[in-house]
Every structure is written in structure tokens, then in C-alpha cells.
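K.L.:
My questions concern the predicted model and sequence given below.
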Amino acid sequence: MRAAEPEPGQLLSIGTDGWLAGAPGILRRPSPNHDARPGDEDPYLLVIHNISLPPGVFTGDAIIDFFQNRLDIASHPWFENIRDMRVSAHFLIRRDGTIVQFVPTVLRAWHAGVSVFEGRERCNDFSIGIELEGTDTLAYTDAQYARLAVLAAAIRARHPIRAVRGHEHIAPGRKTDPGASFDWKRFEQGAGGHETTHHSHHPGGR
């Protein structure tokens, strides 16, 4: 079941437990693919990804099933490529703006893989991952940019986020998302021009 339609400009909040407070357009779908952050570190990096399953398809709940280890591999030939993967992100923003949360922000989701930020490896230890339903080459929706802005604000209000990067920037040569289709300037403007999101601050920025 999809969430109710989000309200324009709706503010979001994250509780002490790391879960978004209930609101229109929010779904909670806990994933088993998480563990504790080393030393209970407070995350300071926000990582933006994209995902679609199968690639380029934006219907159904395959992403949710995948992050919950419930994906029916036989339902599409491409799913053989991810049969043995156990991954998750903290959040998914669907094309219509629905936000799905899989892992509380106080815990470590398995989204970044082999990665490095400012010389420090294992970005999962100190980051929060947001997946946008999409591809590297197809424009993201107005609803996604609007919801990403309010979600990022809620995350910053709860955690000491000081930088925002794409998966492509912390795993260059291995990952390409959110890709050329992601408008970093638009995200920065929607996020209030927050200095940690400036598209010129990192390799690959436009």
C-alpha cells in the first residue's frame, strides 16, 4: 500500500530513535540489512543515490522487497544480477514523492559499499543514504526534489551533517549515481543554499 499524498511544503522530523515521525507520504518498511555504527558515531555525511528495479522501471515495490530481502528473483530475468546482495538505504524517495524509510538514521545502513570521503574509508560508518527512484540519465521529478529538500532539512536538524555527496563522488569509477540527471544546483537552492551541498565543492559537481 502506498502512502497518502504528501502535503506541499510539509515539514518532517526525525525522533531520537532515528525514525521519521508519521506524516502523509511516509512509509516505514524496516530492513534487516543494518547494524550499529562503530562507537555509535553521529553521522555527518549525506549520500545521494539512485535505484530502479528492474532498471528504468518505476512501478511496483521491487525496491522495497529488495531492501527487505523479499525480492522474487524469478519475477524478472535481470534480478539474477542481485540475487545474493544484502543492501539497504535509510530512505527511498519514489517518483511521486513518497518517502520510504528502511533503517533508522542512528543505525548503519548498507548503502555505500567500498567508499571514501576526505580520506576516510567505509562511508557507511558515518553517513546516511538516500535513494532516489530513477536512473543516471532520466530527469528526477519535481516531487522528488521537493521531498529531498524537506528530508535533508529533517536530517540536518537531527544529525550534524556537514557534507552532501553523490555515490559517484565517494566511489568514483565504481558508481555513477545519482548521475548527470541530478541537478545539484536545484538541490542546493531547495535546501536553502546550505554550504555543505554546494555542487562545486566536490569532484563531479556541475
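P.N.:
The structure has been received and is ready for your questions.
K.L.:
quick one: the strands in this structure?
P.N.:
For the chain, the strands defined by DSSP state E cover 26-28, 34-36, 45-51, 91-93, 99-101, 107-109, 116-117, 120-121, 127-133, 163-166.
K.L.:
What is the end-to-end distance of stretch 54-74?
P.N.:
With C-alpha to C-alpha, to the nearest Å applied, stretch 54-74 spans 12 Å between its terminal residues.
K.L.:
nope, stretch 85-94 is what I was after
P.N.:
Rule used - C-alpha to C-alpha; the end-to-end distance of stretch 85-94 is 21 Å.
K.L.:
got it, and stretch 125-137?
P.N.:
End-to-end span of stretch 125-137 (C-alpha to C-alpha): 29 Å.
K.L.:
how about that stretch: buried residues?
P.N.:
125-135 (16 or more other C-beta atoms under 10 Å). Quick note: C-beta positions are derived from backbone N, CA and C, even for glycine.
K.L.:
who touches the most centrally placed residue in the chain in this structure?
P.N.:
Taking C-alpha atoms, centre = their mean, the centroid of the chain lies closest to Ile130, which sits 0.9 Å from it. By C-beta atoms under 8 Å, 6 or more residues apart in numbering, the contact set of Ile130 is 46-49, 89-93, 148, 151-152.
K.L.:
What pLDDT is listed against it?
P.N.:
pLDDT recorded at Ile130 is 99.
K.L.:
how far away is it from Glu80?
P.N.:
According to C-beta to C-beta, to the nearest Å, Ile130 and Glu80 sit 27 Å apart.
K.L.:
how about low-confidence regions in the chain?
P.N.:
Applying pLDDT under 70 to the chain flags the ranges 1-4, 6-9, 192-206.
K.L.:
ok, 90 please
P.N.:
For the chain, the stretches with pLDDT under 90 are 1-10, 22, 190-206.
K.L.:
Regarding this structure, what is its longest helix?
P.N.:
Identified as the longest helix of the chain according to DSSP state H is helix 142-158.
K.L.:
what's that one in contact with?
P.N.:
Contacts for helix 142-158 (C-beta under 8 Å, 6+ apart): 6, 8-14, 18, 20, 25, 46, 48, 91, 93-97, 99, 105, 128, 130, 132-134, 161, 164, 183, 186-187, 190-192, 194, 197.
K.L.:
Tell me who's in contact with Glu5.
P.N.:
Glu5 neighbours (C-beta under 8 Å, 6+ apart): 24-25, 96-97.
K.L.:
Distance check, the most far-flung residue of the chain relative to its centre against Arg29.
P.N.:
Ranked by distance from the centre of the chain (C-alpha atoms, centre = their mean), the top residue is Ala74, with 26.2 Å. From Ala74 across to Arg29, the span is 22 Å (C-beta to C-beta).
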